[in-house]
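K.L.:
take this sequence and fold it.
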Amino acid sequence: MLFNSLDFFIFLPIVFVLYWFIFYKKLQIQNFFILTASYIFYGLWDWRFLFLILASTLVDFFVGKAIHSSDTNRMRKSWLWVSIIFNIGLLGFFKYYNFFIGSWVDFLSFFGYELKSTWTLQIILPVGISFYTFQTMSYSLDIYYKRLTPTKNFISFATFVSFFPQLVAGPIERASNLLSQITTKRLFNYIQCTEGLKLILWGLFKKVVIADSIAPIVDDIFANYSNYPASTLILGVSLFSFQVYGDFSGYSDIAIGTAKLFGIELMSNFKFPTFSRNVAEYWQRWHVSLSTWFRHYVYIPLGGNRVGKLKSIRNIIIIFLVSGFWHGANWTFIIWGAIHALLYIPVFLMGRNRIYMNTVVAENKWFPSIKEIVQILLTFSLVTFSRVFFRSESISDAFGFLQQICSDFTYKNYQHPLGYRMIDYFILLGIFILYEFRIRRDERSPFKFKSRITRFLAYTLVILGMLLFFDDNIDRSFIYFQF
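P.N.:
A predicted model of the protein is given here:
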């Protein structure tokens, strides 16, 4: 079930009404209801894969108890490995099995051994598996590191794993935030609900008006890159940066807003990364839940930046390569991760990886300085360059795309594949960038205006924009569902 589908807008109000007006008296019953609703939400995609969520839930529920009750570090570590092997094994089989088989065949053929593989399987990638396996693992890891005590309530834990607003594409929550809210009595809060509805509206705008409207342009340019000059290819990958941001941050906003309707506060996942002043700040603002997951459970256990420059660089490379591999079973994602490691390391060596952690661009000013504008444009350009590999179907396509830019560096007016005027999209993106700059200080309040008239005008324009740009012929699925 997609957030931007009619099914969801029938499902959500029904669940909301039952949750607050029928099952509100007892917390256990309320949690069981939201657990049931979450399984229905996921099962409408493919009910068979509910067993994977249940299996991951059962394993980490009992592993958490076993880690906590173990007397020796050796036993604690053994139980932790049960969680890691099970969840990574689950993820590895469904997401990476064919990748490893294909890579092995390609490796042998490189040395002249032609092998026709009969080992590949027709495997369906379960939606959200990369997200909920990491979420359940974080529970066992937090218990192992003694940051958390295990819950005794299976219903609460199962709700934490499968909570439908963030089940299929995050944010990847930690038990210390989400589970603690699930085990606490929740009261209806009108202000929280209105904040949630505003986030849902803004998320839908980013998805429908920004991401979906430019998707046909991006698809056309990447599918036919050999027929276009450099100007068009640069346009295509630049638009893809806005597409993937609108798509994924839009999903996150809808997820956070939907959770608010049920009295739950999820972590922010995007903090206006378009206005980042270096690559380090970009990763503090882009897909925050994944970045913090890798920092807490991979980077810091490896020693972080406390083990000397060389080992710190090694840790940075590992983090970005693993992050790339997490995104998909394709060498293009690994190269994408490697590029970001190469972009991050100089910032780290210069000691500038943390200088923008608690600030926003143009702090206490109406406009950014010339220096900040240059920093933002440079960071955007570098990140956009890496997305050639992120978006391409294969390494050969990615290098072919870049080669075409270098070999045909000419300008030509691009014609929209559906015949629409391109100037309309440029105006749209310009207005979107200016509006996001206006609200850049608070990613959870997209309509924070003192004047009621201004708020009403903003709501009206956003809704009219969605009605104007909605196209039923466009694939409306979210990009990160494939991860």
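
K.L.:
what about the closest residue to residue 263 other than its chain neighbours, neighbour count?
P.N.:
Once flanking residues are discounted, residue 263 sits nearest to residue 186: 3.5 Å by C-beta to C-beta, 6 or more residues apart in numbering. (Glycine included, C-beta is placed from N, CA and C.) Per other C-beta atoms under 10 Å, the neighbour tally for residue 186 reads 17.

K.L.:
show me the shaky parts of this protein.
P.N.:
Residue ranges of the chain with pLDDT under 70: 103-121, 481-483.

K.L.:
before we move on, back to that, the residue nearest to residue 263 against residue 260, yeah?
P.N.:
No: Residue 186 lies out of contact with residue 260 (C-beta atoms under 8 Å); the separation is 11.0 Å.

K.L.:
I'd say residue 404 and residue 231 touch.
P.N.:
No: taking contacts as C-beta under 8 Å, residue 404 lies outside contact range of residue 231: 11.3 Å.

K.L.:
now the helix or strand encompassing residue 322, how far from the centre of its chain.
P.N.:
In this assignment (DSSP states H and E), residue 322 forms part of helix 309-327. Centroid separation for helix 309-327 versus its chain: 18 Å, with C-alpha atoms, centre = their mean, to the nearest Å.

K.L.:
now the nearest residue to residue 286 once chain neighbours are set aside: how far from residue 300?
P.N.:
Spatially, and ignoring its direct neighbours in sequence, residue 286 is nearest to residue 273 (4.1 Å; C-beta to C-beta, 6+ apart). Here the criterion is C-beta to C-beta, to the nearest Å. By it, residue 273 lies 23 Å from residue 300.

K.L.:
who has more neighbours out of the two?
P.N.:
Neighbour totals were compared for residue 273 and residue 300, and residue 273 leads with 20 against 14 (other C-beta under 10 Å).

K.L.:
list the residues that contact the more buried one.
P.N.:
245, 282, 285-286 (C-beta atoms under 8 Å, 6 or more residues apart in numbering).

K.L.:
ok, 10 Å please
P.N.:
Contact analysis of residue 273 by C-beta atoms under 10 Å, 6 or more residues apart in numbering lists 241, 245, 249, 281-288, 379-380, 383.

K.L.:
again, but for residue 173
P.N.:
131, 134-135, 138-139, 160-161, 163, 166, 179, 181, 259, 264, 266-267, 289, 293.

K.L.:
and what of residue 325?
P.N.:
95-96, 99, 331, 333-334, 336-337.

K.L.:
quick one: list the elements packing against the very next helix or strand once past the helix holding residue 322.
P.N.:
Using DSSP H and E, the helix or strand that follows helix 309-327 in sequence is helix 331-349. Packing partners of helix 331-349 (3 or more C-beta pairs under 10 Å, 6 or more residues apart in numbering; DSSP states H and E): helix 97-110, helix 279-285, helix 309-327, helix 370-391, helix 395-407.

K.L.:
related to what we said a few turns ago, between the contacts of residue 273, which has the most around it?
P.N.:
residue 249 (28 neighbours).

K.L.:
which helices and strands does the helix or strand in which it is found pack with?
P.N.:
Taking DSSP H and E as the definition, residue 249 sits inside helix 230-261. Where contact means 3+ C-beta pairs under 10 Å, 6+ apart, helix 230-261 is packed against helix 6-21, helix 190-205, helix 212-223, helix 370-391, helix 395-407, helix 422-438.

K.L.:
go through that helix and flag the buried ones.
P.N.:
Neighbour counts over helix 230-261 (16 or more other C-beta atoms under 10 Å) mark 230-261 as buried.

K.L.:
kindly report the same for stretch 451-459.
P.N.:
Within stretch 451-459, judged by 16+ other C-beta under 10 Å, the buried ones are residue 458.

K.L.:
if we can go back for a sec, would you list the contacts of residue 273 in JSON lines and tack on distance to residue 443?
P.N.:
Below are those laid out as JSON lines (distance: C-beta to C-beta, whole Å):
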{"residue": "241", "distance to residue 443": "18"}
{"residue": "245", "distance to residue 443": "12"}
{"residue": "249", "distance to residue 443": "8"}
{"residue": "281", "distance to residue 443": "14"}
{"residue": "282", "distance to residue 443": "15"}
{"residue": "283", "distance to residue 443": "16"}
{"residue": "284", "distance to residue 443": "12"}
{"residue": "285", "distance to residue 443": "9"}
{"residue": "286", "distance to residue 443": "12"}
{"residue": "287", "distance to residue 443": "13"}
{"residue": "288", "distance to residue 443": "10"}
{"residue": "379", "distance to residue 443": "18"}
{"residue": "380", "distance to residue 443": "18"}
{"residue": "383", "distance to residue 443": "18"}
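
K.L.:
now, which of those residues sits nearest residue 174?
P.N.:
Nearest to residue 174 out of those is residue 288 (C-beta to C-beta; 12.0 Å).

K.L.:
my guess is that closest one contacts residue 248, does it?
P.N.:
No: Residue 288 is beyond contact range of residue 248, at 11.5 Å (criterion: C-beta atoms under 10 Å).

K.L.:
now the common contact residues for these two.
P.N.:
Contacts common to residue 288 and residue 248, judged by C-beta under 10 Å, 6+ apart, are 170, 269-270.

K.L.:
JSON lines please, covering those residues and showing neighbour count.
P.N.:
Shown next, in JSON lines, are the shared contacts of residue 288 and residue 248 (neighbours: other C-beta atoms under 10 Å):
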{"residue": "170", "neighbour count": "28"}
{"residue": "269", "neighbour count": "26"}
{"residue": "270", "neighbour count": "22"}
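
K.L.:
ramachandran angles for the residue nearest to residue 263?
P.N.:
phi -110, psi 140 (degrees, to the nearest 10).

K.L.:
list the contacts for it?
P.N.:
19-20, 24, 27, 30-31, 192, 262-264.

K.L.:
sorry, back to before: from the contacts of residue 173, which ones fall inside helices?
P.N.:
Residues of those located in helices (DSSP state H): 131, 134-135, 138-139, 160-161, 179, 181, 259, 289, 293.

K.L.:
if I pick the residue nearest to residue 271 when sequence neighbours are not counted, what's in contact with it?
P.N.:
Nearest residue to residue 271, sequence neighbours excluded (C-beta to C-beta, 6+ apart): residue 285, at 4.1 Å. Residue 285 is in contact with 249, 268-276, 291, 356, 360, 443, counting by C-beta under 10 Å, 6+ apart.

K.L.:
separation between residue 285 and residue 273?
P.N.:
4 Å.

K.L.:
likewise for residue 143?
P.N.:
For residue 143 relative to residue 273 (C-beta to C-beta), the value is 32 Å.

K.L.:
which one among the contacts of residue 325 gets closest to residue 366?
P.N.:
Using C-beta to C-beta, residue 336 comes nearest to residue 366 of these, at 35.3 Å.
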